[in-house]
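Student: my questions are about this predicted structure, shown below with the sequence.
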Amino acid sequence: MPDKIKIEVMPDGLIKVSTDQISLPAHMNAEAFLRSVARLAGGTTTRKAKHGHSHTHSHEHGHEHLVHCIRNS
């Protein structure tokens with residue numbers, strides 16, 4: 001399974017980052033990347049589970065399907 005991160009910049013400036021499953025070896029890099037994007041963009045960040053799954057942060061990440069939204073305010 002290839003690791004994929006989809007990044008969309010919406011017309012209102014919202015940066016929408018969507019992921020499906022991210023492998024454990026790539027997970028820490030993906031988290032660091034998202035933290036860096038959020039820090040550089042400023043504003044608020046929200047994390048929402050896709051498909052109605054709830055997100056609980058643990059060390060088993062293969063099941064996550066997330067949408068990260070970063071709004072520069």
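Tutor: Yep, that arrived. This is a predicted model, so every value here is computed, not measured.

Student: show me the shaky parts of this protein.
Tutor: For the chain, the stretches flagged by pLDDT under 70 are 1, 51-68, 72-73.

Student: how about the helices in it?
Tutor: In the chain, helices defined by DSSP state H lie at 24-41, listed in chain order.

Student: now do the contacts for the closest residue to Ile70 other than its chain neighbours.
Tutor: Residue nearest to Ile70 in three dimensions, not counting chain neighbours: Ile15, with 4.3 Å by Cβ to Cβ, 6 or more residues apart in numbering. In short, each C-beta sits where N, CA and C put it, glycine included. Going by Cβ atoms under 8 Å, 6 or more residues apart in numbering, Ile15 touches Ile7, Glu8, Val9, Val37, Ala41, Cys69, Ile70, Arg71, Asn72.

Student: top of those residues by neighbour count?
Tutor: Ile70 (22 neighbours; other Cβ atoms under 10 Å).

Student: would you agree it is in contact with Arg39?
Tutor: No - Ile70 lies out of contact with Arg39 (Cβ atoms under 8 Å); the separation is 9.5 Å.

Student: could you single out the nearest of the contacts of Ile15 to Ala30?
Tutor: For those, the closest approach to Ala30 (Cβ to Cβ) belongs to Val37, at 10.7 Å.

Student: and the gap between that closest one and Asp3?
Tutor: To Asp3, Val37 is 16 Å away according to Cβ to Cβ, to the nearest Å.

Student: same deal with Ala49?
Tutor: 18 Å.

Student: same check, this time on Phe33
Tutor: 11 Å.

Student: ranges for the strands of the protein?
Tutor: 5-9, 15-19, 44-49, 66-71 (DSSP state E).

Student: let's have those in a markdown table, adding distance to Pro25.
Tutor: Output for the strands of the chain, formatted as a markdown table (distance: least, Cβ to Cβ, whole Å):
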| stretch | distance to Pro25 |
| --- | --- |
| strand 5-9 | 15 |
| strand 15-19 | 15 |
| strand 44-49 | 21 |
| strand 66-71 | 18 |
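
Student: partners of the closest residue to Thr46 other than its chain neighbours in the sheet?
Tutor: Excluding its sequence neighbours, the residue lying closest to Thr46 (Cβ to Cβ, 6+ apart) is Cys69, at 4.8 Å. Beta bridges link Cys69 to Lys16, Thr46, judged by DSSP bridges.

Student: perfect, that will be all.
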